[in-house]
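> please find the sequence and the predicted model below.
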Amino acid sequence: MGQTLWFASRATGLVSLLLLTATVVLGASHSGRVATTRWPRFTLHAVHRNLSLLAVAFLAVHVATAIVDPYAGIAWLDVVVPFASTYHPFWLGLGAVALDLLVAVIVTSLVRTRLPLRVWRAVHLASYALWPVALVHGWGIGGSDSSLSWVLALEGLCLAAVVVAVGLRLRATHPDSEARR
Amino acid sequence: MAADRLKVGPIMCHAHGLCAELLPEMVRLDEWGYPILADGPVPPVLRSDARAAVAACPTLALRLRSD
Ligand code: SF4
């Protein structure tokens, strides 16, 4: 086996960051009412949803391989209880925070039509907190990976994409939202 | 089985228009983007599209009711 599991965990972590970034960008665009004839709202929404589920799949592998690999001695509890691990308690703890928030966002979305809209929305807004926490987790725990220029470039691109998408979302207006102020 | 009818909550609806994209057979939008629903029960062939439209409505304004 050697380092296979450890490499797998690092790689799936990076892929998860890409998928979460795309999910946040599409989610912000969707709620900002971005749409064209080729990308109608329901397409944007469907891709947002499917990418988020793909991210969950990659994160499952990311987390499982990190635990199963004996190198870091990460326990199952460390993955959900923040800041309790012996291995990089702070950086791993951020990952646990992000994971807990993500689980809440996904679960509430799966049963969205059966929840009060306010509840779903409040939980869903946590995505804007979980994404930066996940980014910092990856950057902090990445060790030597985080000094590779392509990794840094990737993280920078993800950050830029989210900043732009959120900025546009904050500036988006619609007569209906205006009328409700 | 009672037939399902579409209902839209006019205050809940924020004119996102997804319902008209997903169920154009029964929903058209007025000039401000608010839905105008076709009268009558949802025909069986449109039932799954109607359910998709209800699930996609960002504000949960669109509902299926059996009466
Ligand atoms: S999808 Fe919902 S919010 Fe959008 S127009 Fe239809 S009912 Fe209104």
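Noted; the coordinates are in hand.
> is A:Ala66 part of a helix or strand, or is it coil?
Following DSSP: H, G, I helix; E, B strand; the rest coil, we place A:Ala66 in the helix state.
> contact partners for B:Glu25?
By Cβ atoms under 8 Å, 6 or more residues apart in numbering or on different chains, the residues touching B:Glu25 are B:Ala38, B:Leu46, B:Asp49. Bear in mind the C-beta positions are built from the backbone N, C-alpha and C, glycine included.
> let's have those in TSV, adding secondary structure and pLDDT.
TSV is the format used below for the contacts of B:Glu25 (DSSP: H, G, I helix; E, B strand; the rest coil; pLDDT from 0 to 100):
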residue	secondary structure	pLDDT
B:Ala38	coil	93
B:Leu46	helix	94
B:Asp49	helix	94
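> between the residues you listed, which is nearest chain A?
Comparing the contacts of B:Glu25 against chain A with Cβ to the nearest Cβ picks out B:Asp49 as the nearest, at 10.9 Å.
> any low-confidence regions in chain A?
A:1-2 (pLDDT under 70).
> chain B contacts on that one?
Contacts of chain A with chain B, taken as Cβ under 8 Å from any Cβ of the partner chain, map to A:30-31, A:33, A:40-42, A:45, A:112-113, A:117, A:174-177, A:180.
> follow-up on the earlier one: ranking the contacts of B:Glu25 by neighbours, who comes first?
The most crowded member of those, judged by other Cβ atoms under 10 Å in any protein chain shown, is B:Leu46 (17 neighbours).
> farthest pair within the residues of chain A next to chain B?
A:Thr113 and A:Pro175 (26.2 Å; Cβ to Cβ).
> which one's more surrounded, these two?
Each of A:Thr113 and A:Pro175 has its neighbours counted (other Cβ under 10 Å); A:Thr113 has more, 14 against 10.
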